[in-house]
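J.: just need the structure, nothing else, for what follows:
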Amino acid sequence: MPPRATPIELTDQERQTLNQWMSAGTTEHRLVERAQIILLAAEGRSTRDIADQLRTRTARISKWRTRFAQERLSGLSDAARSGKPAKYTADTEKRMLALLDQPPPKGYSQWSGPLLAEQLGDVDVHQVWRLLRQRGISLVRRRSWCISTDPEFGPKAADIVGLYLAPPEHALVLCVDEKPSIQALERAQGWLRLPDGKALNGFSHGYKRHGTTTLFAALDVATGQVQTGHYQRRRRREFLDFMNGVVAAHPEREIHVVFDNFHYTPTYSSWLNQVEVWFSILSRKALQGASFTSPRQLRRAIDNFVEAHNSKAAPFEWTKAVVHPTAPKQRYSDLCK
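T.: Numbering: from 1, shown residues only. Take a look at the predicted model:
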């Protein structure tokens with residue numbers, strides 16, 4: 001004789017909840033089936049009858065009748081599962097990061113995903129890439145730095161920053177430097193029609209050299225205006241000629257010049273000279289990717305940019321809170337602690 005089925009009696013609230021599960025279109029199928037089992041059991045139906053109607057095993061019906069009788073509605077939810085044990089742990093990540101702070105094996109110049117996986121021994125290369133992505137680590141990106149070895153870095157930097165932040169009253173503060181040997185490169189460029197009908201704008205990797213020119217520039221820190229001079233060479237004679245022109249353009253003004261021989265920039269600290277920022281803007285906006293057939297054409301392009309720049313020039317905002325020479329640090333060792 002089969003064992004007696006667990007009797008089911010429902011409260012009004014339980015019946016209403018089960019019916020809502022049955023009628024809601026968003027309810028998971030497994031919950032709908034379990035609600036059916038309990039509602040049919042509450043009508044006094046046998047386990048066999050319910051199994052035949054729902055076309056399932058009697059053991060399945062008995063399981064959910066018993067679970068509901070013991071835990072009520074909460075018993076119809078799936079029990080928590082421990083899942084498959086994690087193959088990789090936090091220790092795996094620490095080992096990889098520690099390895100990145102070490103030189104790569106002999107014969108290699110840098111780490112790669114497969115090389116890291118090989119050295120770790122028990123970590124799949126796909127897991128290595130996954131950990132690198134999570135940490136935002138790129139193995140191919142390279143950054144550069146320049147460490148000042150100047151023993152007088154502090155006083156020199158303070159002198160220059162002081163000029164930027166609090167220049168002498170009515171004085172003119174100029175940042176001066178040269179950009180030597182700017183090449184006049186002629187490149188084949190224009191629009192290229194691709195087989196799929198799309199058009200691509202660019203230039204050929206090949207180029208023809210047409211000589212060089214040297215550019216001297218003086219940036220007015222207070223206004224952002226730039227005065228330039230073109231020369232074929234970069235000797236003392238050319239520099240003095242340029243500076244004489246700068247001084248002549250500002251008669252009867254007290255002039256302070258940020259340059260190697262005036263207000264000294266510390267060794268390997270040209271970034272303290274604001275005209276270097278302007279040189280970078282010039283390169284990006286007027287020279288990069290351009291084509292010139294002669295140094296004269298190159299100089300004309302620079303002059304056109306200077307004119308456009310000066311028409312809407314504004315001073316740079318100096319936002320460096322602390323100025324000090326910094327050395328490269330280990331990238332990942334702090335993460336391993």
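J.: now residue 65. Nearest residue, chain neighbours left out?
T.: Of all residues not flanking residue 65 in the chain, residue 6 sits nearest, at 4.6 Å (Cβ to Cβ, 6 or more residues apart in numbering). In short, each C-beta sits where N, CA and C put it, glycine included.
J.: hmm, I typed the wrong one, I wanted residue 72.
T.: Closest to residue 72 by Cβ to Cβ, 6+ apart is residue 14, at 6.9 Å.
J.: before we move on, what about residue 51?
T.: residue 58 (4.5 Å).
J.: surely that neighbour touches residue 48?
T.: Yes: the criterion here is Cβ atoms under 8 Å, and residue 58 meets it with residue 48 at 6.0 Å.
J.: neighbour-wise, which of the two wins?
T.: residue 58 (16 against 12; other Cβ atoms under 10 Å).
J.: pull stretch 256-265 out as PDB, backbone CA atoms only.
T.: Taking Å, rounded to 0.1, in the frame of the first residue of the first chain, the C-alpha atoms of stretch 256-265 are listed here in PDB:
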ATOM      1  CA  HIS A 256      61.500  88.200 -17.100                       C
ATOM      2  CA  VAL A 257      62.400  85.300 -19.400                       C
ATOM      3  CA  VAL A 258      62.000  81.600 -18.500                       C
ATOM      4  CA  PHE A 259      64.800  80.000 -20.300                       C
ATOM      5  CA  ASP A 260      68.000  78.100 -19.600                       C
ATOM      6  CA  ASN A 261      70.100  81.200 -19.200                       C
ATOM      7  CA  PHE A 262      67.700  83.500 -17.400                       C
ATOM      8  CA  HIS A 263      65.200  82.100 -15.000                       C
ATOM      9  CA  TYR A 264      66.700  78.600 -15.200                       C
ATOM     10  CA  THR A 265      64.600  75.600 -15.900                       C
END
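J.: could you list the residues in contact with that stretch?
T.: 152, 156, 159-160, 163, 167-168, 171-177, 218, 221, 243, 272-275 (Cβ atoms under 8 Å, 6 or more residues apart in numbering).
J.: before we move on, the earlier item: what's the neighbour count on the residue nearest to residue 72?
T.: For residue 14, the neighbour count with other Cβ under 10 Å is 17.
J.: am I right that it falls within a strand?
T.: No: Residue 14: not assigned to a strand; according to DSSP: H, G, I helix; E, B strand; the rest coil it is helix.
J.: can you check the pLDDT for it?
T.: At residue 14, the model reports a pLDDT of 86.
J.: wait, it sits on residue 75?
T.: No: taking contacts as Cβ under 8 Å, residue 14 lies outside contact range of residue 75: 11.4 Å.
J.: pLDDT at residue 292, what is it?
T.: 88.
J.: equivalent analysis for residue 101, please.
T.: 89.
J.: what about residue 19, distance to residue 5?
T.: 22 Å (Cβ to Cβ, to the nearest Å).
J.: higher neighbour count, those two?
T.: residue 5 (19 against 12).
J.: next, the contact list for that one, please.
T.: 41, 46, 47, 62, 65.
J.: narrow the residues you listed to just the buried residues.
T.: 41, 47, 62, 65 (16 or more other Cβ atoms under 10 Å).
J.: can I get those residues in CSV with distance to residue 212 and pLDDT?
T.: Output for the buried ones among the contacts of residue 5, formatted as CSV (distance: Cβ to Cβ, whole Å; pLDDT from 0 to 100):
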residue, distance to residue 212, pLDDT
41, 93, 84
47, 95, 85
62, 91, 86
65, 91, 84
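J.: now do the strands in the stretch 201-337 of the chain.
T.: Per DSSP state E, counting those that start in this stretch, the stretch 201-337 of the chain carries strands over the ranges 226-231, 255-258.
J.: out of those strands, flag the one nearest residue 33.
T.: strand 226-231 (78.1 Å; Cβ to Cβ).
J.: contacting residues for residue 293?
T.: 184, 186, 210.
J.: okay then, goodbye and thanks.
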